[in-house]
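Asker: The following comprises the amino acid sequence and a computationally predicted model.
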Amino acid sequence: MHWQTTRFQIDLTQPKVMGIVNVTPDSFSDGGQRKSVHEVLKYCEKLLQDGADILDIGGESTRPGAKPLPMVDELERVLPILREALKLGVPVSVDTYKPQVMQTVLDLGADIINDIWALRWQDSTETGQTWSSQKVVSIHPSCGICVMHMHLQPQTMQLQPMQGDVVLQVLSFLEQATQELLALGVDKSRIVVDPGIGFGKTVAQNFLLLSCQNEILDMGYPVLAGWSRKSSLAGMAAQAGRSSALSADERLAPSLAAALLAAERGAAILRVHDVKETVQVLNVLNAIRSPSNN
């Protein structure tokens, strides 16, 4: 199986690691740690040295409770990094839901659009022109697309998490979103799906999605798993006798466990903060799967 993107056809025979590059001051895990373009680019280079296969650049925090960012501010954060990252010889993804941002980064050569809103967002300009995320990606000849399930929106999703059969609802949502893209002429090889761990789900629902990941795979699309440092891991993995849950930077071990389980259950892309350690875990999994060991 391959993932068709703007410049690359990504071989998904073995799981690929997508390194998270936050250029935000308020992301839940590493917001504000790298303030200059030079610092961010050095970090990108480090992720590649550590084994990242894909870089995912995000200019707006989508943590629970995060406030929307004006388009101009998002572009101001993302574009200087994107221009340089595109020279690094690897697929570059942009994590955005705004259609005008999508158009701008695709015009620059971005390989992948990673959208938490599953291309549902529309914007109207002062002149009355409507921008549709679906239309932006559908008229592009080859960009990769990641469609994610999110319940409600970042401001409210964890105040009123999902109820009922989470697996059925996520499947229904992703089926509709992907069918709409196919109807617009988007080739199936360009599409990856993400069940949206932590986006409007309870802890139990997140783990149920992991245990039932095979049902999402049955849709016929590669699955992207985004467990890295998520709050669902914090309480479950807290040390015995500890009164508080693990902070974001203490969640390496449970993040690696979740990544390994997701990959073992068929996830094709792992979106992570801790690239080096995730690559080491995948090397163990790949060694076990190697025909020479059978």
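Answerer: Thanks, I have the structure now.
Asker: going forward, measure contacts between C-alpha atoms and count neighbours the same way
Answerer: Noted.
Asker: quick one, what contacts the residue nearest to L69 when sequence neighbours are not counted?
Answerer: Computed as CA to CA, 6 or more residues apart in numbering, the closest residue to L69 that is not its neighbour in sequence is E60, at 6.2 Å. Counting by CA atoms under 8 Å, 6 or more residues apart in numbering, E60 makes contact with V23, T24, S27, P68, L69, E74, T96.
Asker: Residues in contact with the strand ranked longest in the chain: which ones?
Answerer: Counting by DSSP state E, the longest strand found in the chain is strand 16-22. Strand 16-22 is contacted by residues 30-31, 40, 43-44, 47, 51-59, 268-275, 278-279 when judged by CA under 8 Å, 6+ apart.
Asker: And those residues, which of them are buried?
Answerer: The neighbour-count criterion (16 or more other CA atoms under 10 Å) marks 30-31, 40, 44, 47, 51-59, 268-275, 278-279 among the contacts of strand 16-22 as buried.
Asker: Next step: the residues you listed restricted to helices.
Answerer: Within the buried ones among the contacts of strand 16-22, residues falling in helices by DSSP state H are V40, C44, L47, V275, T278, V279.
Asker: wait, isn't E264 in contact with L285?
Answerer: Yes. Here E264 reaches L285: they are 7.4 Å apart, a contact under CA atoms under 8 Å.
Asker: which stretches of the stretch 151-294 of the chain form helices?
Answerer: Secondary structure of the stretch 151-294 of the chain (DSSP state H, counting those that start in this stretch): helices at 166-183, 203-211, 213-217, 232-236, 252-264, 275-289.
Asker: re the thing from before, what lines up beside the longest strand of the chain in the sheet?
Answerer: Strand pairing for strand 16-22, using DSSP bridges, gives strand 54-58 (parallel), strand 269-272 (parallel).
Asker: what's the closest of these to R7?
Answerer: Nearest to R7 among the strands paired with strand 16-22 is strand 54-58 (12.1 Å), distances taken as CA to CA.
Asker: Any buried residues in the following helix or strand past the closest one, and which?
Answerer: Going down the chain from strand 54-58, the next helix or strand is helix 71-85, by DSSP states H and E. Of the residues in helix 71-85, E74, L75, R77, V78, L79, I81, L82, A85 count as buried by neighbour count, 16+ other CA under 10 Å.
Asker: Measure how far whichever helix or strand comes after helix 71-85 is from the centre of its chain, please.
Answerer: Using DSSP H and E, the helix or strand that follows helix 71-85 towards the C-terminus is strand 92-95. Computed by CA atoms, centre = their mean, to the nearest Å, the chain-centroid distance of strand 92-95 equals 9 Å.
Asker: Identify, from the contacts of E60, the entry nearest to D218.
Answerer: T96 (26.6 Å).
Asker: can you count the residues close to A204?
Answerer: 11 (other CA atoms under 10 Å).
Asker: Tell me, how many residues neighbour V37?
Answerer: Applying the criterion other CA under 10 Å, we find 16 residues in the vicinity of V37.
Asker: Quick one: residues contacting the nearest residue to S133 once chain neighbours are set aside.
Answerer: Distances taken as CA to CA, 6+ apart put P99 closest to S133, at 4.4 Å, once the chain neighbours are dropped. P99 makes contact with W121, Q122, D123, W131, S132, S133, V136, according to CA under 8 Å, 6+ apart.
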